[in-house]
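Undergrad: Need a 3D model of the sequence below.
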Amino acid sequence: MSPLLRFMTSRTWLVALAALLVLVAINWYLQPNLMTPRVVRSNLSVFLPVALVAIGQTYVILAGDIDLSVGAIVSLVNVIVVSLIASFGGDVPGILGAMAIGVGVGIACGLVNGFLVAVLRLQSIVSTFATGIVFGALALLVMPTAGGSVPSVYWRSYGGTLGGVPVIYWIYGVSLLMVAFIAARPFFKHLAAVGGHRAASFQTGLPTTRIRIGAYALCGLFSAFAALCLTGETASGDPLLGQALALSSILAVVVGGTALAGGRGSAFGSILGAIVVGTISNVVFFARPPFEYQTLIEGAITLAALAGGVLVARGRRTQ
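TA: Next up is the predicted model:
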């Protein structure tokens with residue numbers, strides 16, 4: 001194996017980074033003002049919710065599972081936060097209290113998923129599909145139709161700056177710190193071990209049940225963070241807000257180099273994958289192909305990005 005391929009197979013997220021650089025160059029050609037601060041900030045704001053959900057999804061997939069309920073969790077947290085802010089009066093303590101409860105709801109949803117999958121031994125794809133329906137129904141019970149609003153201090157703070165730096169950049173920074181912290185903990189290696197060979201992990205004494213539940217709890221936590229960001233972006237509640245996030249997050253995770261079979265990958269790669277997926281949409285939009293071909297072209301580019309990650313992953317397995 002060549003040194004370059006060996007280097008890339010040890011860091012599968014480099015494929016996503018290479019794809020991102022190519023896509024940014026194309027996007028910059030099609031959109032000359034791409035690198036202006038306003039446009040960069042706008043794009044990263046759009047990509048942020050998918051990136052956050054993808055981070056949480058990474059830990060579940062690393063453990064050899066999957067979570068199809070993340071979109072419904074985002075919707076549920078969104079409508080609960082908007083409703084509670086209205087009930088609490090809309091002042092700053094009420095906003096913070098509603099946000100804290102929303103994060104708690106996200107973690108609770110993750111724990112429910114973890115209990116069903118790790119304790120009751122239900123198949124993850126089936127059980128999380130079912131819980132997604134339940135969480136979505138609860139969101140509709142809380143807020144049957146899109147509406148409501150949050151105080152201006154919420155969305156102005158989210159869209160504003162802190163210390164001269166846009167708040168969304170701070171969120172990216174904190175997310176990266178959290179990813180680095182988790183990656184440095186034994187829990188991350190245990191996740192990969194469980195996803196790589198669950199039976200062997202159990203035989204060596206790893207608490208596989210607790211590890212898998214922890215992965216789902218983290219997924220619920222980051223889904224709640226995404227919901228808070230979308231609430232700041234839309235300034236309202238919508239029980240259908242997160243419908244597309246489940247598949248988008250899985251796509252971002254795979255593009256970022258995490259193996260769907262579990263055992264290999266990184267949340268950092270998933271962040272890059274989320275930005276790649278969003279940039280693909282931008283490239284297709286600004287290229288202005290005939291409308292009937294737009295989805296086809298976007299799918300083809302996405303498949304090419306996926307293929308690169310899969311080929312590198314195979315190279316790593318055969319190394």
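Undergrad: count of neighbours near the residue nearest to residue 119 when sequence neighbours are not counted?
TA: Counting by C-beta to C-beta, 6 or more residues apart in numbering, residue 119 lies nearest to residue 209, which is 6.2 Å off, once chain neighbours are set aside. (C-beta placed from N, C-alpha, C; glycine too.) Using other C-beta atoms under 10 Å, residue 209 has 16 other residues around it.
Undergrad: Show me what the strand or helix carrying residue 81 is packed up against.
TA: Taking DSSP states H and E as the criterion, residue 81 maps to helix 70-88. Helix 70-88 makes packing contacts with helix 37-62, helix 92-114, helix 124-142, helix 208-234, helix 245-255 when contacts are defined by 3 or more C-beta pairs under 8 Å, 6 or more residues apart in numbering; DSSP states H and E.
Undergrad: Check which residues of the first one are buried.
TA: When neighbours are counted by 16 or more other C-beta atoms under 10 Å, the buried residues of helix 37-62 are found to be 43-45, 47-62.
Undergrad: for residue 162, phi and psi?
TA: When quoted as degrees, to the nearest 10, the phi and psi of residue 162 stand at phi -140, psi 110.
Undergrad: Please apply the same query to residue 244.
TA: phi -90, psi 0.
Undergrad: Please name the nearest non-neighbouring residue to it.
TA: Using C-beta to C-beta, 6+ apart, the nearest residue to residue 244 is residue 71, at 6.7 Å.
Undergrad: Tell me who's in contact with that neighbour.
TA: 53, 132, 242-246 (C-beta atoms under 8 Å, 6 or more residues apart in numbering).
Undergrad: about what we covered before: how about TSV for the helices and strands packed on helix 70-88, with distance to residue 160 and mean pLDDT added?
TA: Listed next are these as TSV, based on distance: least, C-beta to C-beta, whole Å; pLDDT from 0 to 100:
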stretch	distance to residue 160	mean pLDDT
helix 37-62	11	96
helix 92-114	14	97
helix 124-142	28	97
helix 208-234	10	97
helix 245-255	25	91
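Undergrad: Quick check: which element contains residue 273?
TA: helix 267-287.
Undergrad: Return the list of helices and strands in contact with that helix.
TA: Short answer (3+ C-beta pairs under 8 Å, 6+ apart): helix 267-287 packs on helix 13-30, helix 37-62, helix 167-183, helix 245-255, helix 291-317.
Undergrad: coming back round to it: and of the contacts of residue 71, the nearest to residue 272?
TA: Set against residue 272, the nearest of those by C-beta to C-beta is residue 53 (14.5 Å).
Undergrad: Can you report how many residues neighbour the residue lying closest to that closest one once chain neighbours are set aside?
TA: Ranked by C-beta to C-beta, 6+ apart and with sequence neighbours excluded, the top spatial neighbour of residue 53 is residue 249, at 4.1 Å. Other residues within reach of residue 249, judged by other C-beta under 10 Å, total 36.
Undergrad: Verify the stated contact: residue 249 with residue 57.
TA: Yes. Using C-beta atoms under 8 Å, residue 249 is in contact with residue 57, at 4.4 Å.
Undergrad: Report the buried members of the contacts of residue 71.
TA: When the contacts of residue 71 are checked for burial by 16+ other C-beta under 10 Å, the buried set is 53, 132, 242-243, 245-246.
Undergrad: Out of those residues, the closest to residue 162 would be?
TA: Of the buried ones among the contacts of residue 71, the one sitting nearest to residue 162 (C-beta to C-beta) turns out to be residue 53, at 23.1 Å.
Undergrad: so who does the closest one touch?
TA: Contacts of residue 53 by C-beta under 8 Å, 6+ apart are 70-71, 74, 222-223, 226, 242, 245, 248-249.
Undergrad: Redo the residues you listed as TSV? Include distance to residue 277.
TA: Output for the contacts of residue 53, formatted as TSV (distance: C-beta to C-beta, whole Å):
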residue	distance to residue 277
70	15
71	15
74	16
222	16
223	17
226	14
242	16
245	11
248	6
249	9
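Undergrad: Can you tell me which of the residues you listed is nearest residue 278?
TA: Among these, and counting by C-beta to C-beta, the member closest to residue 278 is residue 248, at 8.9 Å.
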